[in-house]
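Colleague: Pasting a predicted model and its sequence here:
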Amino acid sequence: MTDMSISRYGYKDAATARRYAAGGRAMFLPGSPMMHALTLQLLDETVPEDGRVLVLGAGGGMELGVFAAHAPGWAFTGVDPSAEMLAAGREALGEVSNQIEWVEGYIPDAPDGPYDGATCLRTLHFVADNGDKLEALKAIRARLKPGGAFILVDNCNPGGTLDFERHAARFVEQGRRAGAADDMLARARASLTGKTEMVSPEREVELLTEAGFREIDLFYAALSWRGWVARA
Ligand SMILES: C[S@@+](CC[C@H](N)C(=O)[O-])C[C@H]1O[C@@H](n2cnc3c(N)ncnc32)[C@H](O)[C@@H]1O
């Protein structure tokens, strides 16, 4: 897998990583608490009380904190290529972080598993659709037990014809209404320059299918964000 220049988005910067872990960026995901609650409901369908869950793009620890509070019996592996984001996640989670196996690496570097469930929240839109996205999805499926739930949440390019100005204005405005400070709004706007590797929702479903996932259901949609649950 090619290097995704994670530094481009500030994920290699310790101060940015700490701000992220402190919750600031959650403001830019509309309906974050509901999305996490639905993710847990869907994981519960295939993860037993003592099950194993693989969390891809785990930096910052945002979802791991929510998951661990919901299911103290689950064993988690959190994978992320940014050591700074992993460190910020560990720090933010405190004692809970001892329950987590932290792995510094890209998605295909994840341990073999097998896992009862997996998530990749707000991360796959940084992986290029040049074969890497498909490779990442195949790597996730290969680590799940047959039938295991996979939850994917991405920022998408709706309809494949994203008007960046309109999209960016709405993205920033919802952050402002959620209480984000002006400097955070400016940084969020600057990150929306067309440099991420977003694809259309239709392309995401095509890639999930090609990777061998089945029962692919949309469960979350907010502005340009989409979330699917699928089974390995
Ligand atoms: C927006 S954050 C999401 C973190 C967390 N999942 C959440 O929802 O708060 C994106 C994360 O993806 C990681 N990342 C960036 N490029 C990646 C890649 N190619 N493969 C795996 N993770 C990547 C970054 O280091 C960062 O921690």
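Modeller: Nice, thanks for sending it over.

Colleague: what's the spacing between the residue nearest to residue 211 when sequence neighbours are not counted and residue 224?
Modeller: Nearest-residue entry for residue 211: residue 137, 3.6 Å, with adjacent residues in sequence omitted and distances by C-beta to C-beta, 6 or more residues apart in numbering. Yep, even glycine has a C-beta here, placed from its N, CA and C like the rest. Residue 137 sits 20 Å away from residue 224, taking C-beta to C-beta, to the nearest Å as the criterion.

Colleague: residue ranges with poor pLDDT in the protein?
Modeller: The chain contains residues with pLDDT under 70 at 1-5, 7-9, 24-26, 158-162, 193-195.

Colleague: Show me which residues of it are close to the ligand?
Modeller: 4, 6, 11, 57, 59-60, 62-63, 80-82, 85, 106-107, 121-123, 126-127 (C-beta under 6 Å from any ligand atom).

Colleague: And stretch 28-41, what's buried?
Modeller: Neighbour-count burial for stretch 28-41, counted by 16 or more other C-beta atoms under 10 Å, picks out 28, 29, 30, 31, 32, 35, 36, 38, 39, 40.

Colleague: and the longest strand for the protein?
Modeller: When the chain is scanned for its longest strand (criterion: DSSP state E), the result is strand 144-155.

Colleague: related to what we said a few turns ago, tell me which entries of the residues of the chain next to the ligand lie within helices.
Modeller: Mapping these onto helices (DSSP state H) picks out 62, 63, 85.

Colleague: Which one of the residues you listed sits in the busiest neighbourhood?
Modeller: residue 85 (28 neighbours; other C-beta atoms under 10 Å).

Colleague: And whatever residue of the chain ends up closest to the ligand, how close does it get to residue 210?
Modeller: Residue of the chain nearest the ligand, by C-beta to the nearest ligand atom: residue 59 (2.6 Å). Distance, residue 59 to residue 210, using C-beta to C-beta: 27 Å.

Colleague: Excluding chain neighbours, what is closest to the most centrally placed residue in the chain?
Modeller: Centroid check for the chain by C-alpha atoms, centre = their mean gives residue 121 as the closest residue, at 1.7 Å. The shortest distance from residue 121 to any non-neighbouring residue, by C-beta to C-beta, 6+ apart, is to residue 153 (4.5 Å).

Colleague: mind checking how far that neighbour is from residue 96?
Modeller: Taking C-beta to C-beta as the measure, residue 153 falls 21 Å from residue 96.

Colleague: and what of residue 44?
Modeller: According to C-beta to C-beta, residue 44 stands 19 Å off from residue 96.

Colleague: just residue 105 next, same as before
Modeller: Applying C-beta to C-beta to residue 105 and residue 96 gives a distance of 21 Å.

Colleague: same check, this time on residue 29
Modeller: Per C-beta to C-beta, residue 29 is found 21 Å from residue 96.
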